[in-house]
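# Please find the sequence and the predicted model below.
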Amino acid sequence: MQFGKTAAALASLLAAGTCAAAGVKVYGAIDTGLTYKHVAESGGNSLEMTSGNFAGSRLGLKCSEDLGNGLSVGFILENGSSSDSGALGKDGSIFNRESQIYLKTRFGTSRLA
């Protein structure tokens, strides 16, 4: 168990240090649409801005750095939000869609999420 904590700490330090030098990719999508409603009984109509019609709005940071000898480290941080109100995702926490650091070797990938 102690080895796992040490490996996790080492991977996070390597990911942060190497990605600071390599550059971070910023990505995202805004998922917003219009919803038209017609209520026959009252004769009323409404046009509303709606968020999350397809895959949800998101903003993310991603970085990966090759360390050589088949080793690489990186991280992914992705936040979901409502484009019509600006509110964070369902639980109100930041990076609620995905947050992980990883160490990739020729034998496989270890992830902390």
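Here it is on my side, so go on.

# which non-adjacent residue is nearest the residue nearest to the spatial centre of the chain?
Ranked by distance to the mean C-alpha position of the chain (CA atoms, centre = their mean), the top residue is residue 78 at 1.2 Å. Using CB to CB, 6 or more residues apart in numbering and skipping the chain neighbours, the partner closest in space to residue 78 is residue 60 (3.7 Å). No exception for glycine: its C-beta is placed from N, CA and C like everyone else's.

# related to what we said a few turns ago, so which helix or strand takes in the residue nearest to the centre of the chain?
Following DSSP states H and E, one finds residue 78 within strand 71-81.

# got the CA positions of that strand in PDB?
Extracted in PDB, the C-alpha atoms of strand 71-81 (Å, rounded to 0.1, in the frame of the first residue of the first chain):
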ATOM      1  CA  LEU A  71       7.500   5.800 -20.400                       C
ATOM      2  CA  SER A  72       5.100   8.700 -20.600                       C
ATOM      3  CA  VAL A  73       3.200  10.700 -18.000                       C
ATOM      4  CA  GLY A  74       0.200  13.000 -18.300                       C
ATOM      5  CA  PHE A  75      -3.000  14.400 -17.000                       C
ATOM      6  CA  ILE A  76      -6.600  15.100 -18.200                       C
ATOM      7  CA  LEU A  77      -8.900  17.600 -16.400                       C
ATOM      8  CA  GLU A  78     -12.300  18.100 -17.900                       C
ATOM      9  CA  ASN A  79     -15.100  20.300 -16.500                       C
ATOM     10  CA  GLY A  80     -18.800  20.200 -17.400                       C
ATOM     11  CA  SER A  81     -21.000  23.200 -17.100                       C
END
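
# For it, buried residues please.
Neighbour counts over strand 71-81 (16 or more other CB atoms under 10 Å) mark 72-81 as buried.

# Could you do stretch 47-60 as well?
With the criterion 16+ other CB under 10 Å, stretch 47-60 contains buried residues 51-52, 56-60.

# rewinding a little: the residue nearest to residue 78 touches residue 77, doesn't it?
Yes. Using CB atoms under 8 Å, residue 60 and residue 77 qualify as a contacting pair, with a distance of 6.2 Å.
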